[in-house]
Structure formats: structure tokens, C-alpha cells
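# this one's sequence-less:
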């Protein structure tokens, strides 16, 4: 049903006084689910409320014996062909056959608020509303099954997240990133914290062994050390999938070491306004390349690390939606303008991709 999502992941629809067969959720459909009625009885004689499922009328409340105010009545019924669905004891059982769910109210009812439908699973029992992660994965799976010419990946309809991650142009490489800030972030962007051009131009990632070495040299040495007993220990390790693609290499076509890259970036930096010059450096480099590989001189010296723009980084637990492969969100999470409906979100992504 249409409505506004609240923190309990339900939506609601209001029904004014003296309504006759108000259809809930537009046209209604088999499988529509009503979780709860919240009824405000303000007049005794005309306090009737009836829930109608097609040709079946379910009396929820007749004329009240007193002005009883607000009631919350559990309904927990879904519209299913020929199915008997259990509901709250004070309602009984109802045979639900038709698709459109309607409600009637008497003049004595202030407003009745309806929670929306929920998905129906094959055993004809209601299932809780899908999480954002489930919605995100379903959209990504559907988009990835589209032909490449339509922005998809040309994968089978039952494609899985790692199938999408490994597809051409997606995020095929395992990597890790350790942050000393210990923050829960939506995108991994070192430019928001670092100042030195080499550190701020992009986000540094490497192997899990390199990340462990970085942890040990920045935070880990404080663990079980009485000298740092009062220090706050914080930090986050992110398991990732990344897109290295076109790599910035040296003139000889080989991976450069950390120091010459750092010196090269410093030569063009404006130390009076590093934020602006770092942003310009990032735009210049990553308009031509997808990543900067370098021989690390600090974390496991001699190992290869990469510098990446945020858009080329994903959490290993992302949905890997091909329509969102250029976004910086490490999960590319659902939600454009507050929308959570999968079809609406998917269509919005298609519009953005066509622009």
C-alpha cells in the first residue's frame, strides 16, 4: 500500500469518518496484508468498522458501549485465494478470497490507520518486509540480467553478488583498507581526512597482510601496553572488492615506488590551499586512470598497494548493481528521495543511467 515508511518498516494509510469501501493501497491485490488497525472511537452510536475483502465483510467493531478513545487492534491477515489466515483473538478468523482490501467506518470513528501489505511466501503465511539489503540485491540481480546494450551485465537471471562483482568493468579484485578513524562511513574517501597529496589523492588499499601490518604499527602496539591504558583504541578494517582497471604506471611501463609518486604529487601541490589542489589532482589523475599501483615502502615494504577513487571501491558485502557502478557508496544502498519500492528505485536508476 502507499504510505510513509516509519521506523518499524511498516507504512500506513488513514481512513476518515463515514467512509464506504475505501480501497487500501490504490487498486489492491491478492496478497495484500493488513497488520494493525488503530481506531479512535469518538461517538458511541456510530462507531462501526468493517474490513472488506472482495465480497467478504469482516466486522471489526460495532457500535461501542462507551467512548473508548484510541485502540490498537492486531489484524495480521493477508488476502489469499481460499485461505484461512489466523488473526488476533478479538477478531477471529476470516476467509480472504479477493484482491482489493477495503474498509468502512461509521461517523463515530475519528480515523483508522492501516499498516500495509507484506510479502506472502509460498506456504501462505505472511513474511516480514524485506530489508534494504534484500531489496538492493534483488534490484542488482535484475539489472545484471539485462543485456550489456541496456546497461546490464548479460548474466543469468539467478546471478549472485560475486557473479556481478567479477563481471567485466565491475569490482573483480579483493583488497582491504584499515582506517584509524574507526568511523562507520558510506564511502571510503581518504581525501576527507588526509592532507598530504599522496595520502589524500585517493584511498589506499592492499592485502590483508598489509592491513594487519598497518594496524600493528598505528594502533595495535597499544594493545596490552600499560603505557597506553587510557588511550582510546579505535580503527576499522574494511574487506573490499575494487576496480583497478587502467593503471597509472611509470614511463617504463612498470609499477612505481611510493617515494617518486609522492614527490611528483607534491610538486604540483598548493600548500596554501591543499584541499583545493588535492581535489584538482584527483580529478586530473582519475579522469585518465582507474588506479595508481605503487610499491609500498611502509606496510610490508616491497608489496604492491593501490590508490583508488571512492567510486572504484565496494564493500565485499555490496549488491554490485551495474547501474550504480560509478557511485562512491561502498554498498550503493537503496534510497533515492526516500523511495524503498524496488520497481521505483530501479526505474530511477535507469533514468540516471540514460542521462
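Nice, thanks for sending it over. Treat the numbers as computed from the prediction; the structure is a model and nothing was measured.

# From residue 265, how far out is residue 245?
20 Å (Cβ to Cβ, to the nearest Å). For glycine as for every other residue, the C-beta is placed from the backbone atoms N, C-alpha and C.

# and the two? which has more neighbours close in?
With neighbours defined as other Cβ atoms under 10 Å, residue 245 and residue 265 compare such that residue 265 has more, 21 against 13.

# I'd guess the more buried one is in a helix, am I close?
Yes. Residue 265 sits within a helix when classified using DSSP: H, G, I helix; E, B strand; the rest coil.

# List phi and psi for the residue nearest to it when sequence neighbours are not counted.
Nearest in space to residue 265, with sequence neighbours left out and distances taken as Cβ to Cβ, 6 or more residues apart in numbering, is residue 197 at 3.9 Å. When quoted as degrees, to the nearest 10, the phi and psi of residue 197 stand at phi -50, psi -40.

# wait, what's in contact with residue 197?
Contact analysis of residue 197 by Cβ atoms under 8 Å, 6 or more residues apart in numbering lists 262, 265-266, 268-269, 274, 277-278, 281.

# closest to residue 219 among those?
Residue 219 lies nearest to residue 262 out of these, by Cβ to Cβ, at 23.0 Å.

# Please name every helix or strand in contact with the host helix or strand of that closest one.
Per DSSP states H and E, residue 262 falls inside helix 258-267. Taking 3 or more Cβ pairs under 8 Å, 6 or more residues apart in numbering; DSSP states H and E as the contact definition, the neighbouring helices and strands of helix 258-267 are helix 197-200, strand 292-295.

# again, only using 10 Å
Based on contacts counted as 3 or more Cβ pairs under 10 Å, 6 or more residues apart in numbering; DSSP states H and E, the elements that helix 258-267 packs against are helix 197-200, helix 274-286, strand 292-295, strand 304-308.

# what mean pLDDT would you report for it?
Model confidence over helix 258-267, given as mean pLDDT, is 94.

# So what touches that helix?
Contacts to helix 258-267, defined as Cβ atoms under 10 Å, 6 or more residues apart in numbering, come from residues 196-201, 204, 248, 250, 255-256, 277-278, 281, 285, 292-298, 301, 305, 307.

# if you set the cut-off to 7 Å instead, what comes out?
Contacts with helix 258-267, where a contact means Cβ atoms under 7 Å, 6 or more residues apart in numbering, come from 197-198, 201, 281, 292, 294-297.

# how's this protein carved up into domains?
Annotated domains of the chain cover 13-114, 132-354 [automatic domain parsing].

# ok, of the ones you listed, where does mean pLDDT dip lowest?
Here the lowest mean pLDDT among these goes to domain 13-114, at a mean of 59.

# and the end-to-end length of stretch 283-293?
For stretch 283-293, the separation between the terminal residues is 17 Å (Cα to Cα, to the nearest Å).

# in it, what's buried?
Neighbour-count burial for stretch 283-293, with 16 or more other Cβ atoms under 10 Å as criterion, is recorded at 285-286, 289-293.

# on that earlier part again, now that we have the contacts of residue 197, which of them are buried?
Applying 16+ other Cβ under 10 Å to the contacts of residue 197, the neighbour count classes 262, 265, 269, 274, 277-278, 281 as buried.

# Dump the contacts of helix 258-267 into TSV; add distance to residue 158 as well.
Converted to TSV, the contacts of helix 258-267 look like this (distance: Cβ to Cβ, whole Å):
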residue	distance to residue 158
197	46
198	44
201	40
281	43
292	37
294	39
295	42
296	40
297	45
